[in-house]
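S.K.: Return a 3D structure for these sequence lines:
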Amino acid sequence: MKKCFIVLSILLCCMLYAFPVQADLIWGPDDNFYNRHARECTHINRMFTANGPDGVVIVYQSPESPQIITRLDNGTQTRISFTYQSADGVLWGIYENADQTGWLPMNYMNVIYDSISFAEEYAAEIVSESGILDTLYQNKEIYLWKYPGSETYDMIQTGDFLPSYESVYLDEKNRCWGNVGYYHGIRNVWICIDAPDADFDTLYPSGAPARGTAQFDQVETDAAESIQSPSKTTKRIVPKQNTAVVMLTVLLVLAVMLATAGLLRKFKQKE
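M.R.: Down below sits the predicted model:
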């Protein structure tokens with residue numbers, strides 16, 4: 001009986017340990033500043049292009065530390081997973097590259113046109129209407145597009161489980177598209193309901209339709225330059241050192257030094 005109780009207790013602990021891992025689908029970056037301010041950060045997970053003054057975007061250790069981690073030449077594309085707004089109103093994005101992380105001003109980053117950009121531009125033409133792809137396309141290859149008219153797509157085998165959509169859009173050729181929130185690990189994509197197995201050349205033989213310029217909401221401050229064309233004459237955005245953290249660090253160092261000196265004095269007195 002005792003052994004059974006121990007086994008059941010172990011199994012229960014394993015289940016409780018596994019539950020939050022399965023429930024939390026958003027993984028945070030391995031960054032000291034993010035770990036301390038995770039609750040204040042916003043998850044965006046979008047691609048951006050560097051567009052800083054003097055042809056470069058500087059990546060800093062944190063929004064509170066001016067220590068330089070690396071520099072991104074204008075035109076460099078990178079994914080920003082989380083943003084953080086500092087006390088002075090500057091929006092910062094976390095930069096991740098292999099084992100290197102840092103923070104950069106989002107005023108110097110242009111968002112790459114994506115599904116979110118499309119939804120914002122064509123909000124008046126997108127209608128809430130839920131449905132599921134016709135069973136005719138079970139166990140067939142279909143295309144999931146970043147947005148209607150995009151040249152970026154994922155080709156996927158459906159199986160018996162078909163994608164469902166929550167809203168629809170009629171394109172320039174009067175074809176119906178559905179927005180798929182999630183399907184086989186792919187999020188926020190579009191499917192051509194009328195021709196889900198058609199490739200780009202079949203759908204758009206004359207080329208992609210013109211789409212507007214993507215925008216990304218910024219917090220405007222006196223220190224912030226334009227996201228589209230940063231001025232070379234305006235002072236570059238640099239993190240403001242957190243004086244409270246610096247003072248706390250100094251006090252801790254002094255406390256350690258005083259404690260060490262006291263211990264050394266005690267040891268000398270005993271000798």
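S.K.: so Gln77 sits right up against Asn51, yeah?
M.R.: No: if you go by CB atoms under 8 Å, Gln77 and Asn51 don't touch, sitting 11.0 Å apart. Just so you know, the C-beta spots here come from the backbone N, C-alpha and C atoms, and that holds for glycine as well.
S.K.: nearest spatial neighbour of Thr101, skipping sequence neighbours?
M.R.: The shortest distance from Thr101 to any non-neighbouring residue, by CB to CB, 6 or more residues apart in numbering, is to Asp31 (4.3 Å).
S.K.: residue contacts, the one you found?
M.R.: 62, 94, 96, 101 (CB atoms under 8 Å, 6 or more residues apart in numbering).
S.K.: And for Tyr147?
M.R.: 113-115, 117-119, 190, 211.
S.K.: Whichever of those residues end up buried, select them in ChimeraX.
M.R.: Selection of buried members from the contacts of Tyr147 for ChimeraX, criterion 16 or more other CB atoms under 10 Å:
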select :113,114,115,117,118,119,190
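S.K.: so where's this structure shaky on pLDDT?
M.R.: 1-26, 213-215, 217-234, 242-256, 261-262, 269, 271 (pLDDT under 70).
S.K.: Outline the domain layout of it.
M.R.: 32-112+217-239, 115-203, 241-271 (automatic domain parsing).
S.K.: Of Gln77 and Asn51, give the one with the bigger neighbour count.
M.R.: Set side by side, Gln77 and Asn51 show more neighbours around Asn51, with 22 against 12, by other CB atoms under 10 Å.
S.K.: So which residues of the stretch 151-271 of the chain form helices?
M.R.: 200-203, 243-270 (DSSP state H, counting those that start in this stretch).
S.K.: all strands for the stretch 151-271 of the chain, in order.
M.R.: 153-157, 164-170, 176-183, 186-192 (DSSP state E, counting those that start in this stretch).
S.K.: Show me the one of these that comes nearest Asn107.
M.R.: strand 186-192 (24.9 Å; CB to CB).
S.K.: mind listing the strands for the stretch 1-150 of the chain?
M.R.: Counting by DSSP E, counting those that start in this stretch, the strands of the stretch 1-150 of the chain are 42-50, 56-62, 65-73, 77-85, 91-97, 100-105, 109-111, 127-132, 141-145.
S.K.: Now do the fourth one against strand 65-73, angle only.
M.R.: Strand 77-85 runs at 150 degrees relative to strand 65-73, counting by axes from the mean of the first three to the mean of the last three CA atoms, to 10 degrees.
S.K.: Now do the contacts for the spatially closest residue to Ile237 that is not a sequence neighbour.
M.R.: Among residues not flanking Ile237 along the chain, Pro105 sits closest, at 4.2 Å (CB to CB, 6+ apart). Counting by CB under 8 Å, 6+ apart, Pro105 makes contact with 52, 57, 90-93, 224, 237.
S.K.: go again using 7 Å as the cut-off
M.R.: Contacts for Pro105 (CB atoms under 7 Å, 6 or more residues apart in numbering) come out as 90, 92, 237.
S.K.: wait, isn't the last one in contact with Met106?
M.R.: Spelled out, that is Ile237. No: Ile237 is beyond contact range of Met106, at 9.5 Å (criterion: CB atoms under 7 Å).
S.K.: burial measure for Ala124, as a count.
M.R.: Neighbours around Ala124, by other CB under 10 Å: 6.
S.K.: wait, I meant Thr70
M.R.: 13.
S.K.: Tabulate the strands of the stretch 151-271 of the chain (JSON lines), appending distance to Leu133.
M.R.: As requested, the strands of the stretch 151-271 of the chain are arranged in JSON lines below (distance: least, CB to CB, whole Å):
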{"stretch": "strand 153-157", "distance to Leu133": "12"}
{"stretch": "strand 164-170", "distance to Leu133": "8"}
{"stretch": "strand 176-183", "distance to Leu133": "8"}
{"stretch": "strand 186-192", "distance to Leu133": "7"}
